[in-house]
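Chemist: quick one: sequence and predicted model below, then my questions.
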Amino acid sequence: MFTSDWRDNSAPELFNAESVILLLVLIFLAYLVSPYSSLGKAERDRLVLVYPLLVFVYVFLFQVSLLSVNPFVHYYLGSKSFFTWRTNTGICCAFGAAFSFSVSRNNNFIWRIYGGISMLLFSLLAFGYKMPMVMNVHL
């Protein structure tokens, strides 16, 4: 099996189109659980329970594991995309923590524990995880 390193040595970027789309999708999800939404309070409370898990799964699969549709092409390789990776991870963790905080404000004790654990996980992801600067691509 042949192993090679692909390095992108172009100028660093802070964000890309994926960052903008990710931000717009998460803003729309936040709107759905806001008081400005046409959904009822019970529906919003049930919907916000799913959001921290949804964001966590996205971060784990597409930010931490760097899963992509094409296994030979990854968006976060080299020094150029490191800051984009940090921006996208930060966006996800900020919204995930906000959704977790919303869950923890509920009167249900189990939901408060779930919200607190979710906030802790997003804090660890935002401040504790480091991405490898170069990934190996197996051909």
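Modeler: Nice, I can see it.
Chemist: helices of this protein, residue ranges please.
Modeler: 17-32, 41-58, 82-104, 109-128 (DSSP state H).
Chemist: what's the most buried one of the ones you listed?
Modeler: Neighbour counts (mean count of other CB atoms under 10 Å) averaged over each of the helices of the chain peak at helix 82-104, with a mean of 20. In short, each C-beta sits where N, CA and C put it, glycine included.
Chemist: what is the mean pLDDT for that one?
Modeler: Average pLDDT, helix 82-104: 87.
Chemist: go on, stretch 121-128?
Modeler: Taken as a whole, stretch 121-128 carries a mean pLDDT of 84.
Chemist: residue contacts, Leu22?
Modeler: Going by CB atoms under 8 Å, 6 or more residues apart in numbering, Leu22 touches 88, 91-92.
Chemist: need the helix or strand of this protein with the lowest average pLDDT.
Modeler: strand 136-138 (a mean of 46; mean pLDDT, DSSP states H and E).
Chemist: span of stretch 102-113 from start to end?
Modeler: This stretch, stretch 102-113, spans 12 Å end to end (CA to CA, to the nearest Å).
Chemist: hmm, who's touching it?
Modeler: By CB under 8 Å, 6+ apart, stretch 102-113 touches 33, 45, 48-49, 52, 114-116, 118-119.
Chemist: count the neighbours of Leu61 for me.
Modeler: Counted with other CB atoms under 10 Å, residues neighbouring Leu61 total 12.
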